[in-house]
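**Q** coordinates only, sequence not included:
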């Protein structure tokens, strides 16, 4: 059977929304995109079965009168049946190393390691909207829930670095040993289990600054005990890194944890030093006039002012903040306060007619929210990065992301230590 016309991978997202819109795992679709991205490096065998199944199902839907067998599907895959999605960040052709991207979000770790010459051979993320953004920019659909054995079964062997911005779930430190068994039920356990199975040369974990003091330091102590004693990795003391020290105007502190396999012989590691480079919000501010929808209404602004005044009377520093162009932003985070503590002055507005349903009028002080693109820049994402989702989802995705320049600077140190670059 011959197929004269290629199938666009945009069909993938259309099919998923029609056929199975609530499945968070997307095993077949993820397997296909991973197969197509790894067809030249020997990793594709891990994804072949799922890719063939997806191809068979897709062709059967298109050619209902034909009997599409597995053999036909296999031959179709060999003839480049699927057009690869035209994406801004294509895989490295001749990579220097391989890595996997767990709790991938929208690909901050991937951008950093890919910029350094690496090839991502597996990625997972459970959030549906984040997966859509990832697919749009990298042409690869992340696998789903990493806690499921089926998802773990797709992880290939032999990669060099494991990356994970794992969520900080509350740990219950009940056991006396404070080791591998005591982390069961947390997402860190799944990361540790994958490290134990796959034995990568190194890992790079990122989390919120508060992890250091969580449960009076017991949580971090347990994590380090697992990584050092149970898994045998050399793990230098974790470091608090700030995005503002690596070229982006955002005061964002996060804890970085790196580790090296005993076979590497690594016994020392130096985290990157802060860049001697002044930064300010003006560096990332929109060059053109932004839409009126980003400007606060008079009523909303009044509410924020009153809220801040109430807390000030109580001696609290809560409330909105307006960031001058010469200053740096507060950390971009999910939720309303992430935006309200990062308001800016912008008097270039010319149209004060509301474009959304608001109470009151558009304020005349030129106070507005930052745009999703400004948040992207604050996190170090290049302007080529496509924002394909609604603003609410975009704010959430960038608020949850890692700051790419800080990740990349640390990744560079890891890879140099391993002599991979």
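**A** Perfect, I can see it now. Just so it is clear, the structure is predicted and the values come from calculations on it, not from any experiment.
**Q** now do the contacts for residue 348.
**A** When contacts are counted by CB atoms under 8 Å, 6 or more residues apart in numbering, residue 348 is found next to 289, 366. Quick note: C-beta positions are derived from backbone N, CA and C, even for glycine.
**Q** repeat that with 7 Å
**A** Contact partners of residue 348, counting by CB atoms under 7 Å, 6 or more residues apart in numbering, are residue 289.
**Q** okay, and it sits in which element?
**A** Using DSSP states H and E, residue 348 falls within no helix or strand.
**Q** so it versus residue 372, what's the distance?
**A** Taking CB to CB, to the nearest Å as the criterion, residue 348 is separated from residue 372 by 18 Å.
**Q** report pLDDT for the spatially closest residue to residue 107 that is not a sequence neighbour.
**A** Leaving out its chain neighbours, the residue that sits closest to residue 107 by CB to CB, 6 or more residues apart in numbering is residue 134, at 5.3 Å. Reported pLDDT at residue 134 in the predicted model: 94.
**Q** with residue 70 instead?
**A** 92.
**Q** quick one: contacts for the residue nearest to residue 107?
**A** Here residue 134 is in contact with 104, 106, 107, 125, 140, 142 (CB under 7 Å, 6+ apart).
**Q** looking at this, it is in a helix?
**A** Yes. The assignment for residue 134 (DSSP: H, G, I helix; E, B strand; the rest coil) places it in a helix.
**Q** relative to residue 375, how far out is it?
**A** 17 Å.
**Q** with residue 274 instead?
**A** Residue 274 sits 22 Å away from residue 375, going by CB to CB.
**Q** comparing these two, which residue is more hemmed in?
**A** Each of residue 274 and residue 375 has its neighbours counted (other CB atoms under 10 Å); residue 375 has more, 26 against 13.
**Q** chain neighbours aside, what residue packs nearest to that one?
**A** Nearest residue to residue 375, sequence neighbours excluded (CB to CB, 6+ apart): residue 398, at 4.2 Å.
**Q** for the protein, which helix or strand comes out least confident on mean pLDDT?
**A** Of all helical and strand segments in the chain, the minimum by mean pLDDT, DSSP states H and E falls on helix 10-19, at a mean of 56.
**Q** OK, contacts around the spatially most central residue of the chain?
**A** Nearest residue to the geometric centre of the chain (CA atoms, centre = their mean): residue 105, 2.8 Å. If you count contacts by CB under 7 Å, 6+ apart, residue 105 has them with 125, 130, 165, 397, 400, 401.
**Q** how about these, which pair is most distant?
**A** Spatial extent of these (CB to CB) is set by the pair 165 and 397 at 12.4 Å.
**Q** looking at these two, which is more packed in?
**A** residue 397 (26 against 21).
**Q** that one looks like it's in a helix, true?
**A** Yes. Counting by three-state DSSP, residue 397 is part of a helix.
**Q** run a quick neighbour tally on the closest residue to it other than its chain neighbours.
**A** Leaving aside its chain neighbours, residue 397 sits nearest to residue 106 (4.9 Å; criterion: CB to CB, 6+ apart). Residues near residue 106, counting by other CB under 10 Å, number 32.
**Q** so residue 106: helix, strand or coil?
**A** coil.
**Q** cool, residue 58 as well?
**A** Once three-state DSSP is applied, residue 58 turns out helix.
**Q** residue 154 versus residue 190, what's the distance?
**A** From residue 190 across to residue 154, the span is 14 Å (CB to CB).
**Q** lovely, talk soon.
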